[in-house]
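Engineer: Here is the input, now give the coordinates:
(one chain, ligands or ions: 1)
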Amino acid sequence: MLAADADQSRPNDLDAFWMPFTANRAFRKRPRIVSRAKDMHYETPDGQKILDSASGLWCCNAGHARRPIVEAIQAQAAELDYAPSFQYGHPKAFTLAARLAAMAPGDLDHVFFANSGSEAVDTALKIALAYHVAKGEGTRTRLIGRERGYHGVGFGGISVGGIVTNRKRFGTLLSGVDHLPATYNRDEQAFTRGEPEWGAHLAGELERIVALHDASTVAAVIVEPMAGSTGVLPPPKGYLRALRSICDKYGILLIFDEVITGFGRLGASFAAERFGVQPDMIVFAKAVTSGTVPMGGVLVSKPIHDAFMTGPEHMVELFHGYTYSAHPLAVAAGLATLDLYRDEGLFERARELEPAFADAAMALKNLSGVLDIRTIGLVAGIDLQGHADQPGKRGFEAIERGFHNEGIMMRVTGDTLAITPPLIISEAQIAELFEKTAAVIKATA
Ligand code: PLP
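Structural biologist: Residues are numbered from 1 along each chain as shown. Below is the predicted model of the structure:
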């Protein structure tokens, strides 16, 4: 219990909150607590500034506590706090859907709203399965993911996902799932900027998987255009295009999970645009509201959407949705966020900063124990040599050291650092960010 007179921003009992994806016991011994944020920084209850190298969790692309977004959320709470999206609507939900559809490439003209990336992934997988049923091809039930893929933590997402720790304790998962191989090979790709030259041939594995199961049983392929949570793996040149053409050949839907690549991270609205490959659905979340209010969703192509719009008009066409789909606060935050991205040219800014950002990241190449650095957009992945027989220990030390000693928040998977700052970062802050990162790498060697 908090003491009655305790400052609420300084909790004195850390026991009740079972923290997600966190080493809870270590955290309780040496907590890392932030109680405020503005622009590029968090602040601890003691007033220490913490540079945000991770946009929170790949969310806050517009930076923190941006006034237009804050004001839009405040005004919305007073105007319309909640409205159901089952059989009723509110105007801004339609406006946001239209804005997102206009931003998305090609015929991705329809938006199904959820509240997180995980929900949005499961939504996309369900739409894919139901689409084939609607088309009279109900034998297409198989879903294909990729090794090292991350698609959130729902049962659908962990089934198509390929991160072993996220799967192995949770039973048998969805049946009828297969996986493409991961696209990373350090011997062939180390220290690449942008898309690696090597690896497009791995898309050909989809041919093998289709031959094994027969195309008539395969519903969809889902991939992150750039794998993020597994440690930043940009797609090999030509890989996504090759996946697209194999999917076309066999009538398989291609889903891009753009939960972290959407909204400017790679210098474009979506990775699909940057890589010039048109998927049948795009899954988004996180930066759609710059992380301010939970929101996720799926951009769906017109032919998929239209395939559902049959039968008696009083009938529900898709038996799926969430109480908080298109929640008014999330929608208001989304609209204000899209305005800010546009007005400040933040996607273009990410593209302009990309070379300087890559230079600053690659300058860490010769530090002790740096095994690889990969950069694309405003993203850098840095693989560190782990401590012998203790995978993830050095990564954990980097989190602690970064926060307590260097004043930086770092996103780490295993012993890999993922640097993904808000798109408002200045060149001076890029230099500061990589100085702090270098200090963390040296201190944990
Ligand atoms: N998909 C991808 C590619 C992600 O990176 C994430 C989260 O990092 C998710 C899905 C899950 O999103 P959420 O944590 O909002 O459920």
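Engineer: Please make it C-alpha for all contacts and neighbour counts, starting now.
Structural biologist: Will do.
Engineer: Count residues in the vicinity of residue 428, would you?
Structural biologist: 8 (other CA atoms under 10 Å).
Engineer: Is it in a helix, a strand, or coil?
Structural biologist: Secondary structure for residue 428, judged by DSSP: H, G, I helix; E, B strand; the rest coil, is helix.
Engineer: can you check residue 324 too?
Structural biologist: Under three-state DSSP, residue 324 comes out as coil.
Engineer: same deal with residue 222?
Structural biologist: Applying three-state DSSP: residue 222 is strand.
Engineer: list the contacts for it?
Structural biologist: Applying CA atoms under 8 Å, 6 or more residues apart in numbering, we find residue 222 in contact with 143, 144, 145, 146, 160, 254, 255, 256, 257.
Engineer: Please report the distance of the last one from the ligand.
Structural biologist: Counting by CA to the nearest ligand atom, to the nearest Å, the separation of residue 257 from the ligand is 5 Å.
Engineer: can I assume that residue is in contact with residue 282?
Structural biologist: Yes: counting by CA atoms under 8 Å, residue 282 is a contact partner of residue 257 at 5.9 Å.
Engineer: ok so, going back, now, the contacts of residue 222 that are in helices?
Structural biologist: Judged by DSSP state H, helices contain the following of the contacts of residue 222: residue 160.
Engineer: So which of the contacts of residue 222 is the closest to the ligand?
Structural biologist: Taking CA to the nearest ligand atom as the measure, the ligand sits nearest to residue 257 out of those, at 5.3 Å.
Engineer: count of neighbours near the closest one?
Structural biologist: Neighbours around residue 257, by other CA under 10 Å: 30.
Engineer: now it: how far from residue 176?
Structural biologist: Relative to residue 176, residue 257 is positioned 20 Å away (CA to CA, to the nearest Å).
Engineer: cool, residue 374 as well?
Structural biologist: In terms of CA to CA, residue 374 sits 33 Å off from residue 176.
Engineer: More neighbours: the two, which one.
Structural biologist: For residue 374 versus residue 176, neighbours defined as other CA under 10 Å are more numerous around residue 374 (25 against 14).
Engineer: and the helix or strand hosting the more buried one, average pLDDT?
Structural biologist: In this assignment (DSSP states H and E), residue 374 forms part of strand 370-376. The average pLDDT within strand 370-376 is 98.
Engineer: Over to stretch 252-263?
Structural biologist: Average pLDDT, stretch 252-263: 98.
Engineer: Could you list every helix and strand in contact with the lowest-mean-pLDDT helix or strand in the chain?
Structural biologist: Every helix and strand of the chain was ranked by mean pLDDT, DSSP states H and E. The lowest is helix 164-167, at a mean of 94. Judged by 3 or more CA pairs under 8 Å, 6 or more residues apart in numbering; DSSP states H and E, helix 164-167 is in contact with helix 155-160.
Engineer: who touches the helix it packs on?
Structural biologist: So helix 155-160 is contacted by 118, 121-122, 125, 143-146, 149-152, 166-167, 173-174, 177-179, 222 (CA under 8 Å, 6+ apart).
Engineer: Quick check on those: which are buried?
Structural biologist: Neighbour-count burial (16 or more other CA atoms under 10 Å) applied to the contacts of helix 155-160 gives 118, 121-122, 125, 143-146, 149-152, 166-167, 173, 177-179, 222.
Engineer: Wait, residue 142 touches residue 216, no?
Structural biologist: No: using CA under 8 Å, residue 142 is not in contact with residue 216, being 9.2 Å away.
Engineer: and the two? which has more neighbours close in?
Structural biologist: Comparing residue 142 with residue 216 by other CA under 10 Å, the one with more neighbours is residue 142, at 22 against 16.
Engineer: Run through the residues of the stretch 51-200 of the chain sitting next to the ligand.
Structural biologist: 116, 117, 118, 150, 151, 152 (CA under 6 Å from any ligand atom).
Engineer: Just the ones of those in strands?
Structural biologist: Using DSSP state E, no member of these falls within strands.
Engineer: what's the farthest-apart pair in those?
Structural biologist: 116 and 150 (13.6 Å; CA to CA).
Engineer: Return the distance of the spatially most central residue of the chain relative to residue 286.
Structural biologist: Nearest residue to the geometric centre of the chain (CA atoms, centre = their mean): residue 260, 2.6 Å. From residue 260 across to residue 286, the span is 7 Å (CA to CA).
Engineer: Which residues are in contact with each of the two?
Structural biologist: Common contact partners of residue 260 and residue 286 (CA under 8 Å, 6+ apart): 58, 59.
Engineer: Quick check: the closest residue in space to residue 430 that isn't next to it in sequence vs residue 187, distance?
Structural biologist: Take residue 430 and drop its neighbours on the chain: the residue closest to it by CA to CA, 6 or more residues apart in numbering is residue 357, 6.6 Å away. Residue 357 is 24 Å from residue 187, where distance means CA to CA.
Engineer: which of the two has more neighbours?
Structural biologist: Set side by side, residue 357 and residue 187 show more neighbours around residue 357, with 22 against 8, by other CA under 10 Å.
Engineer: Provide the secondary structure category for the more buried one.
Structural biologist: Residue 357 - assigned by three-state DSSP - is helix.
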